Structure formats: C-alpha cells, structure tokens
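Engineer: Generate a structure from the sequence data that follows.
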Amino acid sequence: MALELIPIGTILAVLTNQVLKTAQAAKDVIIEKESFRVLSKHLFDIEPVLKELQLKKLNDSQAARLALETLEVDVKKASNLVEKYKNRARFYLLLRCRHIVNEVQEVTRDIGRSLAALSLANTEVLAGISDQVNRLQNEMQRVEFEASHSQLQIVDKLNQGLRDQKLDQGFANDILEEIARAVGVPVEPSEISKELASFRKEKEEAASRKERAEVLFLEQVIELLSRADAARDYEEVKKQYFQRVQVIERYDEREEYIDPLSPFLCRINGTVMNDPVSLCTGTTCERAAIEAWFDRGERTDPETGQILEDITLRSNLPLRQSIEEWRELNYCLRVRACKAKLLSHVDSSVEDALSQMQDLMRENSINKDWVSIGGLTDIIISILGSSHNKDVKRKILVTLKDIAEGHAKNKEKLINHEGWDHIIPCLVRDSSISKAAVELLFELLQERSGWNVSVCRKLSQQSSAILFLVTLLTSPVRESSVYAEKILNKLFEVDEENIPRAAKSGWYKPLVDRIVQGPESSRISMVRAVVNMELVDSNLKLLGEEGIIPPLLEMVGSGNIESKELSLSALIKLSDCNFNKELIAAAGGLSLVLNLMFSSHIRTIIITKCAEILERISSSDDGIKYFVDENGTQLNLEPIIKNLLGLQQVPSLSHSVRRPALRALIGICKFDAALVKTAVLTANGVSLILPFLDDTDSQIRETAITILFLFSHHESQGVVEHLLKPKRLEALVGFLENDDKGDVQKAAAGLLANLPKSEVTLTMRLIELDGVNALINIIRTGDIEAKENALSALFRFTDPTNLESQHIVVEQGAYPLLVNLLRTGSVTAKARAAALIGDLSKSSPKLVIVSNPTGCWCFRPTRPKLCPAHAGICSVKTTFCLLEANALPFLVELLQGEVPATAHEAIQTLSTLVLEGSPNRGANVLHEADAIKPVIEILGRGTDSLKEEALKLLEKVFLSRDMVEHYKSTTRFHLVSLTGRNVHEDSRIGRKAARVLSLLERYSKSSSLLPGIFG
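Structural biologist: Below you'll find the model as predicted:
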C-alpha cells in the first residue's frame, strides 16, 4: 500500500540513484574484480533505461509498479553484496572466491530478469530503445562468471594441504606468499599481522553466526598461515618459549619426557591426538580415526559402545590447546637435554643431540625458532669450527640446513654471525662434508621468491668462497658439483666481477663465454681481467683450450681502440705458451698482427702490442712454424725483416716499440742464416743497428749487440770501424763484464769472435780495456754457449806471433780453465780449448830456459828438473808448457773419443810437442802418455781430414828410430791399406801415408809386405 502512495516518478528517481551508487561501489571491490566490474558495467547501462522511462512518463500501472519493485529488490541485493565484500579481510575473500563469483553471477541474472519484466510492462514507452534494453537484459540473464584460475589454484592448493595435514613451515611460507600476492598484500610481518587479525575477526563472526564448519575451516587456515615466517611475531614466539622453560624448571635436569594425560589419547588408536573431535556422547577421538571408524559402517561410540544418534564431529579446541601445550613442554625438555649433550663436547653425545634436534624440527617447525632461541645454533656453529670429527661436522651441517630451511630469521643469524667463517672451509673437506656444506650454502642463499641477491653479494665478499666453490666443481660427488655450479652462476649474475675471481681460481669457461658472447662492456671487462691475472703456462693453455683466442682476434680486427689494446695485451700474455702460439697461428693471428703493426696511422700503443706479440711468437727455437696464415701456408719472412728494420729508421720511434721489434728481429733471423744475409746485404742491417749501441736505453743497447752478433757473420768490417771510434770498445767490454745478463755476454763474446783477428789495433785496445779478463771470467762462470763464444774470442789473444798477448792470457788464469774444459766442456768447448792450448804450446820452445851447468862439479847446485819435451826449465806461466799444465792426459782422452772435431784439435796440439829439430823428446813424451796408439787407430776409423792430421803427426814421430821400432808392426797395416787404396786415386792421404811408410821402411832391413817398391 505504501508503494502505491509514492508517485512512480519518485520511485524511478530513487531506483536510478540506487543503481548508480551500487554500480560505483562495485568498481571498488578488491576480490574478483572482473565479476564485479561486469556487474558495475551492467548497472551503469541500466541507468539510461530508467532515465528514458522518466522522460516518457511511465504509465502508473500495477504491472509497472510490480516490475519496479522487483528491480529495486534485486538492486538492493546487489548493493548488499557489494557492501558485504567491499571491506572484508582480503585473505578471507580469496578463500571465498568461488562463492563470491556465484553470488555476483546470481544477482546479475536476477537484475536481468527484473529488467526484462520492466521492459515488458512498458513496451510502448521503451520502443525507441527496445533493442538496447533487450540486448542488456539478455546479456545479464545469460552471464557466466568464473573465479580467477590463479586464485582457484591457490584455494585448491590450500585445501589439499589442509586435507594432507601439511603443517610444515615451508608449505606455510609458500601458501602465505601466494595468497598475499594474489590479493595485493606485501609479504611483510607488519602487513601480514594486520591481515591475519582481520582474518581472525572473520572467524569470530562466523562463530557468532554459529557456522561451525566455517569456524573449523578458518581455524585450520589460521593455524597453518601462522606458521609462516612472515606471520610470526618473533617476540611472541620467544616469550612463549621462555614461559614453557619456566614450567620445565621444576623437572629434573635428566628428565626428557613428560607422559601424556589420559584425555590426550585417542579412544580408538590410543595415541596422542593431533586434531581431537568430540562425539555427541562426549567421547573424544582423533578426527582421522573416527572418520575411518564411520567409513567402516560403525555407528557406535568407540569407547562405550553406545549407538550414536548423531555422528556430527565437533572440534575440541580446549583439548587441542592442552595437547599442544604438553607437546611444547616436551619440546623444551628435549631442547634442554640437547644443549647439555652439546656442551659435553663428547662426540657421541654431540651426534645424539644433533639427531634429536633434527627430530624436533621435523615434528614441529616452531622448534626451528626454539633451538635457536635456546642457544643451540650458536653452540653447534662453534663446534663446527673446532671439531676434527668428520661425522660430527657433516651432521652439524645437515642440522644447520634443517634449522635454516624456509626460516628467514635463522638464515640471517647464520649469515651475520660466525656461520660463514665455519661453513665455507667445509666446502673443501671430505666429500661427504663438502656435499652437506654446499647444500647448506645453497639453502642460505635462497628466500621465498628465489635467490637472495643481498646474501649472494655478501658471499662474494668472502675471500675464499669462490675458490672453494670452483674446487668443488671437480668433486666426485655429482650433487656437490651441481650445487657449486648453480651458486657460482648466480654469483656471476649478481656481480660479473665474480667471473674473473672464478677464473683466478682455475675456472675459465665462464670468463671465455662472456668474452665470446657478452655485451661489449662485459667483453672488455673480462679481457682486462685476463690481462691483470698472474697466469702460469698451464693456466694459459687452459684458456686457449676454452676458446679464448678467436674472440680476442676478432676484437683486434673490429673493436675500438680500447678493445684492440686490451685484446692485444691479452694475446701477449697468452702467447707465452707454445700451445697458444699454435692457436694464434691457426686462426690467422700472425697475419692480422703484422698487417696492423705495419699499417699507417696506427697509434703507438697498438704497434707496441703487436711488436710484443711478434717477439713472443718468434722467441721459440721452432718459432718459424707459427709464421703461417690461416690456411697453414708459410709466410714470406723477408718482407717482415725488412719492415722491422725499416721501423727502426723512424727517429721518433719510442723505446716501447723499438725494444720488442728488435727482439722479434732476433727471433726471426735465428730461423735461417739466409734471413740474416738478407737483413745485412739487402736491408743494410748493420748500419741500421750500429747506432743503437749508443742508445740511452740499456735494453736496446743489449738487444743491438745480440743482433750485431748475428749480422757480423756476414758483415764485420763496418762493426770494426764503429768499435774503434771513441768509447765504443768500452761499451763492448762493458757487455762482456755484465754477469747479470748471460745472453748479452754471449752475444758480445760472439761478436768479438766474428771480427777479423788481423785487426791488431782492435786487439791491443781490448787488452788495454781489460777485455781479456772479461772473456776469461765468462769462461769461468758463463753458461755453455757464452763459454764457447768467449773461447772463440780468445783466439785473438793467443796468436803465437804475439807473445805479449799470450802472456796476458796466461797470467790472468786462462790455462787451468782451458785444461778443465778439456774434461768437462761441451764438444765445441773441448775442441776450442784444445786449439787454444795448441796456440800457447807453439810458443813454448821459444820461451823455454836451457840450463847450463857452471862451477866445480863438487859444488854445483842441484840440477833443476828439465821438461821432457822441451829439455829446459818449463812452467805454465813462463813457457805455457802443456805438460806443466797437466793437459796431456785430457788431450789423449780426446783422441780416444768418437768426435772428430775434438780429436782433430787434440792431434794438432799434441803435434806442438814434437819439434822438427829434436823429435825424439816429444815422440817419447807422447809414447809414455800412450798418445801414439790412438793416433794410429784413427788411421782405421777417422774421417779423411782427421786421418790427414794423424799422418802429419806420425810423420814427425817416426823420425825417431825408437818409435818406429815400437809401432812399425801396428802402423804398417793401416799405412799399407791407405797407400794401396789410394794408389789409383793419387790422393793426398795416399801420398802422406806413403811418406810415413817410407820412414818405417828406412829403419827396417827389408820389407816383406811390398818388395821392390821402396828398394
């Protein structure tokens, strides 16, 4: 009746206003936004229809009023629905998403039906917009809403977890985070706390409405979510722990368990209940047990046998709380017992305590907090650092992983206290320990959403962490190496500076990968790291094997100046390894470097780097094999030599370029003597290099002397002229005296050896500058090649025509050194030492002092010992006598050797003892030293030149009848053989052999071998 009294226009106006308000409010609902958005849109679409009715003056009929009344009721329902869900707890709304969607769908359809009835009652009035109205009411009546798929997944996951009684902390963390993100709540303890408080209010309201099933469900959800890290109030947890500790203080220290009260036990299975529910009879059972009881068809009370008229199960919350308190007291007792065992420092007790701690955490995640609050975490970290028992260490690491897993606060405690210091060293322990350590480390680096980047950065700052993780990559335990690689790759992602750190520890692949395919800035950064690394040959080879050479060459060819410089610097370092030299050559690197080095308008720093690479490539004895193009074709070396010499003509060329370029020239010239000839004769190499002997840079001077040593084989006169200029010889002697630079000494001595010995002025100036002493010091202390060159240079001063220089050589101690070299030197050194002694021995007859007796025979002084070879008074220093120098035995040894060069020089030196005017003395000395027999043997085995020298000596020896008598039988066979073999050839050896044979026959009465030939 009241509606009839209100004008229909007023009803329309009120309804229109209500529709707009509801439409606007529906837009602000935060859950199932799409459903409420569609409802809002449809309500806004209804507003023009209602305004059209107002404009056309709707007929005040009973049908029209009834239709408006129905529409008003349905809009009111929609408004109530919007208000109902507009300010509710967001967690609660998510859990109700299916129901909410159904409600919105139903109210939308109801409004559509009411709109259809209104349209039917006002057909004529709405004729102008009939199509619009029909379409709208049809859409609303057929609307189909579905809850968000992602939200439904979360709800289903939660429900399944509750059914499976998944109450662990990890699941709680995951589901809470998913719910919070779905409804837009930050996963922060303060925000989660507010949301759970609102959620609890929903439970209280459901309890006031006596919706027991709803209350039970919400309780289970709240209990689960409260276990999550973000939902816990740590201070409350701490307070709760100490409350329980106060209670257990009245229990004996040895007490570890409080027996359960009888009401705590299930009446079906007799175990302590987790989810106690009460029957209508008051009997309490475990929910799962009683449900299984009913599933078997039982309808009686399992304790009394009474038939149950009502099988509804009621959650016994007070009892459940009491059981939980009992469990918590037992947890505290066990924590206390574990602490005592840990503090005993007895390995078996410690292991037992660790096992109990693991059991506690498996039973209830709150124990992760309580073992930490109780100080157990700190204790086992300390034991980890001090224990030498590998089983204890491994078990501690496993326990720490349990403590940290899914627990942000415990992770933070381990990371910020001593945890790192004791965990990281365990990465390189026994394989079982390292596996547990790396698994713990991996867990500490995780947070709910994935990797904890800030903790990864902290780990990077641990000096040994990356080294130990790299070491673990080769662990025999695959799981360990997999975890180590995952951690390292994340550290690389967090900070690419960790890549060079891993490379310094021996893992080069990530660094090479970044150089191959990283962004330009990263490539440059990684190459710079290679340049700054200290690498031994094995490291350099590993880098080459990982494929670093091709990308570096690509950067040289196409990069900017910084890229070129760095990549060339890296190639310099890498080319210290022969393996990498082959890779550089195979990739066409030499051609690239040479083209770049000799191009015009190239910065000095680039030329310098190219020259240093060329220097290193050419430094190997077999370096010529690296001078190939990418197809393996040998490069033409002559243009390279000419270019290197041409480079030296640039007056402004810096020392940094000149030094490696000159060294590269040395290396290439050593490959082939023909290349030296090219450098000297075609490119005027000597005249180009000589000025560098006066360079201000000591390294260039030293390099120049080495080059001139090579060049002096082909062009010595220019060098002599240069050296005779003021101060030049002083510099050369300075090189000879430089004991710190063996190569320089060797080159200087070699250069001096190659210069013409006829240059008397040069010889005398060297004597004045103490050059002889410098050479003798090299013979005394230099390496074998330096000794050989110094011996060759010494011939200048042992010329028998210059007794003065010979005296200087002997006085400065050369003779004992030469004799020693006969025994210990190289083949070349032995030969040269023998020849030098021969030069000195040639002067002995001129220097010997003949002793003449004076005075009465009875007062004559004791006659001095005369030299058996020279028949006078001899000594090393005065007559250079090789007998006095004790050289004879070692010269004889050289005769018996298989080396022609040393035997040749030994024969010539021994020949100096057999004097033409008095051969008997020398021949007899040789006979007594057993030197003649090996000379004769040479006739049967030596080379032609060696046989010729042997015949010369025998020709002198067999001037002595005594020697003929001793050796004619053994010598005749060899002589006849040589003579007979060479009669038809008319050779020099044959003629010499015939002459010696004639000496033998002169002292024989007849010749039984060749009658008539010498008659």
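Engineer: longest helix anywhere in this structure?
Structural biologist: The longest helix of the chain (DSSP state H) is helix 317-344.
Engineer: Check which helices and strands that helix sits against.
Structural biologist: Secondary-structure packing of helix 317-344 (3 or more Cβ pairs under 8 Å, 6 or more residues apart in numbering; DSSP states H and E): helix 234-248, strand 276-278, helix 347-363, helix 366-373, helix 376-386. (C-beta placed from N, C-alpha, C; glycine too.)
Engineer: For the residue lying closest to residue 78 once chain neighbours are set aside, give me the pLDDT.
Structural biologist: Of all residues not flanking residue 78 in the chain, residue 107 sits nearest, at 4.7 Å (Cβ to Cβ, 6 or more residues apart in numbering). For residue 107, the model assigns a pLDDT of 78.
Engineer: got the CA positions of stretch 430-446 in PDB?
Structural biologist: Written as PDB, here are the backbone C-alpha positions of stretch 430-446 (Å, rounded to 0.1, in the frame of the first residue of the first chain):
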ATOM      1  CA  ASP A 430      85.900 -34.800   2.900                       C
ATOM      2  CA  SER A 431      83.400 -35.300   0.100                       C
ATOM      3  CA  SER A 432      80.500 -36.100   2.500                       C
ATOM      4  CA  ILE A 433      81.300 -32.900   4.400                       C
ATOM      5  CA  SER A 434      81.600 -30.700   1.300                       C
ATOM      6  CA  LYS A 435      78.300 -32.100   0.000                       C
ATOM      7  CA  ALA A 436      76.500 -31.100   3.200                       C
ATOM      8  CA  ALA A 437      78.300 -27.700   3.200                       C
ATOM      9  CA  VAL A 438      77.300 -26.800  -0.300                       C
ATOM     10  CA  GLU A 439      73.700 -27.900   0.200                       C
ATOM     11  CA  LEU A 440      73.500 -25.700   3.300                       C
ATOM     12  CA  LEU A 441      75.200 -22.800   1.500                       C
ATOM     13  CA  PHE A 442      72.600 -23.100  -1.300                       C
ATOM     14  CA  GLU A 443      69.800 -23.000   1.200                       C
ATOM     15  CA  LEU A 444      71.200 -19.900   2.900                       C
ATOM     16  CA  LEU A 445      71.200 -18.100  -0.500                       C
ATOM     17  CA  GLN A 446      67.500 -18.700  -1.000                       C
END
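Engineer: circling back to that earlier point, so the residue nearest to residue 78 is in which element?
Structural biologist: helix 97-121 (DSSP states H and E).
Engineer: Would you mark the buried spots in that helix?
Structural biologist: Buried residues in helix 97-121, defined by neighbour count with 16 or more other Cβ atoms under 10 Å: 97, 100-101, 103-105, 107-112, 114-119, 121.
Engineer: Who are the packing partners of that helix?
Structural biologist: By 3+ Cβ pairs under 8 Å, 6+ apart, helix 97-121 packs against helix 33-55, helix 62-86, helix 130-141, helix 149-163.
Engineer: can you list contacts of the third one?
Structural biologist: In this case it means helix 130-141. The contact list for helix 130-141, computed with Cβ atoms under 8 Å, 6 or more residues apart in numbering, reads 42, 45-46, 48-49, 108-109, 111-113, 115-116, 119, 123, 126.
Engineer: what's the answer for the last one, then?
Structural biologist: The set of residues that contact helix 149-163 without belonging to it, under Cβ under 8 Å, 6+ apart, is 32, 94-95, 97-98, 171, 175, 178-179, 182, 217, 220-221, 224.
Engineer: Now do that helix: distance to the chain's middle.
Structural biologist: Offset of helix 149-163 from its chain centre (Cα atoms, centre = their mean, to the nearest Å): 46 Å.
Engineer: CA atoms of that helix as CSV?
Structural biologist: Presented in CSV, the C-alpha positions along helix 149-163 are these (Å, rounded to 0.1, in the frame of the first residue of the first chain):
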residue,chain,number,x,y,z
HIS,A,149,42.2,-19.5,-12.4
SER,A,150,45.2,-18.4,-10.4
GLN,A,151,43.1,-17.8,-7.3
LEU,A,152,41.3,-21.1,-7.6
GLN,A,153,44.7,-22.8,-7.8
ILE,A,154,45.7,-21.2,-4.6
VAL,A,155,42.5,-22.2,-2.9
ASP,A,156,42.8,-25.8,-4.1
LYS,A,157,46.4,-26.0,-3.0
LEU,A,158,45.4,-24.7,0.4
ASN,A,159,42.5,-27.2,0.8
GLN,A,160,44.7,-30.1,-0.4
GLY,A,161,47.4,-29.1,2.1
LEU,A,162,44.8,-29.0,4.9
ARG,A,163,43.5,-32.4,3.9
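Engineer: After it, which helix or strand is next?
Structural biologist: Using DSSP H and E, the helix or strand that directly follows helix 149-163 along the chain is helix 169-183.
Engineer: And the longest one, by the same measure?
Structural biologist: Using DSSP H and E, the helix or strand that follows helix 62-86 towards the C-terminus is helix 90-95.
Engineer: mean confidence for that following helix?
Structural biologist: The model assigns helix 90-95 a mean pLDDT of 78.
Engineer: Stretch 110-126 now?
Structural biologist: When pLDDT is averaged along stretch 110-126, the result is 71.
Engineer: List the buried residues of stretch 593-603.
Structural biologist: In stretch 593-603, counting by 16+ other Cβ under 10 Å, buried: 593-594, 596-598.
Engineer: One more: stretch 307-315?
Structural biologist: For stretch 307-315, the neighbour count (16+ other Cβ under 10 Å) marks 308, 313, 315 as buried.
Engineer: contact partners of stretch 884-900?
Structural biologist: By Cβ under 8 Å, 6+ apart, the list of residues contacting stretch 884-900 reads 815-816, 818-819, 822-823, 827, 830-831, 834, 837, 867, 874-876, 882, 902-903, 905-907, 909-910, 925, 929-931, 934-935, 938, 942-943, 945-946.
Engineer: End to end on it, go ahead and measure it.
Structural biologist: In stretch 884-900, first residue to last residue: 26 Å (Cα to Cα, to the nearest Å).
Engineer: How about stretch 21-41?
Structural biologist: With Cα to Cα as the measure, the first residue of stretch 21-41 is 12 Å from its last.
Engineer: start at 750 instead
Structural biologist: OK, 750 is where the count begins now, so the last one is stretch 770-790.
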